[in-house]
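Visitor: make a model of this:
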Amino acid sequence: MALSFLSFNDQKTEVMVFGPSGSCDPPKMDLGVLTPHIKQSVLNLGFKMDSDFKLDSHISSVVKSSFFQLRRLTKVKPFLSQQHFETVIHAFITSRLDYCNSLYFGISQSSLSRLQLVQNAAARVLVGARKRDHITPVLASLHWLPVHFRVHFKILLFVFKSLSGLAPPYLDELLSPYTPARCLRSADQLLLEVPRSKRKCRGERAFSVCAPKLWNALPLNIRQATSLSIFKTRLKTHFYSQAFIHV
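Guide: All right, here's what the predicted structure looks like:
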């Protein structure tokens, strides 16, 4: 690095060591000048990543900041129409839930539930529902997809953009069309190759693995969408029917 006239910023340098899955502490390693900078979680573009990919620290930060903002928004609600107040909620709350939410794929249900509590609270504040009111009809009336479906929506959006030449090359390289060994009906189903993964908790959460699985599970008419707007409309309709089938 010295030959390239580069140096570490001691105040911003963070190093994360990935060890065996499930280990509480990172493995002890001597990385020289980097050793003092080893941390269990690091911050990159506002997202907190930990070595076990549980994302607990980031989710806690999102939940805390979202509820703080929501309490502040309740004070301005009397001065805004419901339409304008919903726009404000999307700007301050939904944007936090959606930021890098594709990384939430594969996290525990308890962690997703914490994020869902934020969306539920925002919906109740918007429509003036009571805490004990069932939240599913409220979300359905607002056409808000639950957090779980929003995560899948974001990943599938990346897939469609990649297949349409609208995504960066590094994403395009992670997807391959499915080519059967012999002539089968699945050859013209616009399916993707699903690579094998050795690790369920980590490998199956990689974009190259989870994205083809989600894509192949979609109805054919969604995969055949001819434009981004048509794809988003059909995908949201599909997820809406799954999320609120009993409403």
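Visitor: residue 155 contacts residue 207, doesn't it?
Guide: Yes - here residue 155 reaches residue 207: they are 7.2 Å apart, a contact under C-beta atoms under 8 Å. Heads up, the C-betas are built off the backbone N, CA and C, glycines and all.
Visitor: can you check which residues contact both of those two?
Guide: residue 102 (C-beta atoms under 8 Å, 6 or more residues apart in numbering).
Visitor: which parts of this structure belong to which domain?
Guide: For the chain, automatic domain parsing gives the domain ranges 1-39, 56-144, 150-243.
Visitor: can you lay out these as CSV showing mean neighbour count, distance to residue 46 and mean pLDDT?
Guide: Written out in CSV, the entries for the domains of the chain read as follows (neighbours: other C-beta atoms under 10 Å; distance: least, C-beta to C-beta, whole Å; pLDDT from 0 to 100):
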stretch, mean neighbour count, distance to residue 46, mean pLDDT
domain 1-39, 10, 14, 68
domain 56-144, 15, 7, 95
domain 150-243, 15, 16, 89
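Visitor: so for residue 47, which of those domains sits nearest?
Guide: domain 56-144 (4.8 Å; C-beta to C-beta).
Visitor: just how off-centre is the closest one within its chain?
Guide: 15 Å (C-alpha atoms, centre = their mean, to the nearest Å).
Visitor: just stretch 31-42 next, same as before
Guide: Its chain's average C-alpha position is 27 Å from that of stretch 31-42, according to C-alpha atoms, centre = their mean.
Visitor: endpoint to endpoint, it covers what distance?
Guide: 17 Å (C-alpha to C-alpha, to the nearest Å).
Visitor: quick one, strands of the protein?
Guide: Counting by DSSP state E, the chain has strands at residues 41-44, 47-50.
Visitor: give me the residues contacting the first one.
Guide: Yep, that's strand 41-44 we're talking about. Taking C-beta under 8 Å, 6+ apart as the rule, strand 41-44 contacts 14, 15, 16, 48, 49, 50, 51, 57, 58.
Visitor: for residue 114, which non-adjacent residue is closest in space?
Guide: Excluding the flanking residues, the one nearest residue 114 by C-beta to C-beta, 6 or more residues apart in numbering is residue 63, at 5.4 Å.
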